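K.L.:
Here's my sequence, what's the structure:
(one chain, ligands or ions: 1)
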Amino acid sequence: MRRLLPALLACAALSAGAQPQPISTRFNADPSPHYFKTAAGGAFYLYATDDASNSGKYWDSTSWRLFTSPDLSAWVDAGVPLDVGVFKWARPDAKAWAPEAAFRAGKYFFYAPVGGDKIGVAVSARPDGGFVDARTDALVDKARDANAGDEPIDPAVFVDKAGQAYLYFGTRVPKVVKLKADMASLDGPIHNVQIQGLAEHKKTYGEAPFLHERGGLYYFTFSTGWPGQIVYATGTSPLGPFTYRGLVIDYLKISTNHQAILEHDGRSFIFFHDNLLPGGGSHRRSITLAPLEYGADGSIRQIALDPAQVGKR
Ligand code: FUB
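P.N.:
Numbering: from 1, shown residues only. A predicted model of the protein is given here:
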């Protein structure tokens, strides 16, 4: 019974309205969850910023972390899938921030900000390691690419039903650009993502762009700033424009908020990070997840947090 208890608690945490539980006792942040089928079978893979190996004063870790799960309840720390050293062009002081992953044509792709001014892309035949640079330079480079924005970080990839891949990224001004079928080159210009209705609702775009589709509607979620709420907007194209719809996760008692949505077997989950572990804080975050529920009109229901978790409005 004692061994069963953590798993039972974790299962309970996946029910609507249950309190979010950290997926690990290791500090981690910026979730990028996926379900991948390998020769070993299907499993959930969660790539993260590794807050456990930062200084505790800044997000200065130089490696990413992977967690795996058969069922979204019990998670295993699968170690370091790669570090910034994979990107030989990275600045010597480059930090490993919010990662993303994607699968296409037998290859696993890993996207990440490297140094705050570039986004790199790595590739591997397996999801848990073996990643090498998919190029010899950055996929997005502030100094090279028109309209890359002031801070090209927080990459998120969405592939539509026709197989077209889109890369979202950026702070303060959200960006979107198509990817070629190789998943490692830009296909056309970088556009600003248009979000209508933000000012009327006294919201701004901060960071953590993410796109998912449900029932033919495209949902663009993001953090409003520092600290930030997670809010959403919807549109009829992955390229936008999107119209502001509402709040998903309120302010937390940490300086960042960063979400990702996983749809699997007809169920939706939202992953985010918070200050859930002893000794936690803005630079020592912990990933959690909760069921994501929709109203009949396609609206997203706000995630219920313990009032003690909610930060200042
Ligand atoms: O983890 C470093 C940065 O904090 C990420 O890039 C942002 O999204 C914020 O979560």
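
K.L.:
Next up, the contacts around the residue nearest to Ser185 when sequence neighbours are not counted.
P.N.:
Closest residue in space to Ser185, ignoring its immediate chain neighbours: Leu179 at 7.0 Å, by CB to CB, 6 or more residues apart in numbering. All C-beta atoms are positioned from the backbone trio N, CA, C, and that covers glycine. Applying CB atoms under 8 Å, 6 or more residues apart in numbering to Leu179 gives the contacts Val157, Ala165, Tyr166, Leu167, Ser185, Leu186, Asp187.

K.L.:
cutoff 6 Å now
P.N.:
When contacts are counted by CB atoms under 6 Å, 6 or more residues apart in numbering, Leu179 touches Ala165, Leu167, Asp187.

K.L.:
Quick check: the last one vs the ligand, distance?
P.N.:
The reference is to Asp187. For Asp187, the distance to the ligand equals 24 Å [CB to the nearest ligand atom, to the nearest Å].

K.L.:
Around the ligand, pick out the residues from the stretch 151-300 of the chain.
P.N.:
Neighbours of the ligand within the stretch 151-300 of the chain, by CB under 6 Å from any ligand atom: Ile153, Asp154, Glu207, Ala208, Thr256, His258.

K.L.:
List only buried entries from those residues.
P.N.:
Among these, those classed as buried by 16 or more other CB atoms under 10 Å are Ile153, Asp154, Glu207, Ala208, Thr256, His258.

K.L.:
follow-up on the earlier one: going by distance to Ala105, which of the contacts of Leu179 wins?
P.N.:
For the contacts of Leu179, the minimum distance to Ala105 (CB to CB) is 11.4 Å, reached by Ala165.

K.L.:
With adjacent residues omitted, what lies nearest to the closest one?
P.N.:
That would be Leu179: by CB to CB, 6+ apart, it lies 4.0 Å from Ala165.

K.L.:
still on that earlier bit, where helices are concerned, which of the contacts of Leu179 count?
P.N.:
In helices, judged by DSSP state H, none of these are found.

K.L.:
Return the member of the residues you listed nearest to Gly240.
P.N.:
Leu167 (13.8 Å).

K.L.:
burial measure for that closest one, as a count.
P.N.:
Using other CB atoms under 10 Å, Leu167 has 27 neighbouring residues.

K.L.:
cool, and Pro33?
P.N.:
Look at Pro33: counted by other CB under 10 Å, it has 23 neighbours.

K.L.:
surely it meets Glu263?
P.N.:
No - Pro33 is beyond contact range of Glu263, at 10.2 Å (criterion: CB atoms under 6 Å).

K.L.:
and the helix or strand hosting His273, how far out from the chain's middle?
P.N.:
In the assignment (DSSP states H and E), His273 maps to strand 267-274. Relative to its chain's centre, strand 267-274 lies at 10 Å (CA atoms, centre = their mean, to the nearest Å).

K.L.:
One more: stretch 64-74?
P.N.:
14 Å.

K.L.:
now stretch 24-39
P.N.:
10 Å.

K.L.:
Whether it contacts the ligand - can you check?
P.N.:
Yes - counting by CB under 6 Å from any ligand atom, contacts between stretch 24-39 and the ligand involve Ala29, Asp30.

K.L.:
swap in stretch 127-142?
P.N.:
No - on the criterion CB under 6 Å from any ligand atom, stretch 127-142 is out of touch with the ligand, staying 14.0 Å away.

K.L.:
Can you mark which positions in that stretch are buried?
P.N.:
Pro127, Asp128, Phe131, Asp133, Ala134, Ala138, Leu139, Val140, Asp141, Lys142.

K.L.:
now do stretch 187-195
P.N.:
Ile190, Val193, Gln194, Ile195.

K.L.:
Just give the number of residues close to Trp64.
P.N.:
If you count neighbours by other CB under 10 Å, Trp64 ends up with 28.

K.L.:
That one touches Pro99, doesn't it?
P.N.:
Yes - using CB under 6 Å, Trp64 is in contact with Pro99, at 5.0 Å.

K.L.:
Find residues that contact each of these two.
P.N.:
Common neighbours of Trp64 and Pro99 (CB under 6 Å, 6+ apart) are Tyr47.

K.L.:
which parts of the stretch 1-150 of the chain sit against the ligand?
P.N.:
Ala29, Asp30, Thr49, Trp59, Trp97, Ala98.

K.L.:
thinking again about what came up before, can you tell me the strand partners of the strand holding His273 and which way each runs?
P.N.:
Paired strands of strand 267-274, with direction, are strand 259-264 (antiparallel), strand 286-291 (antiparallel) (DSSP bridges).
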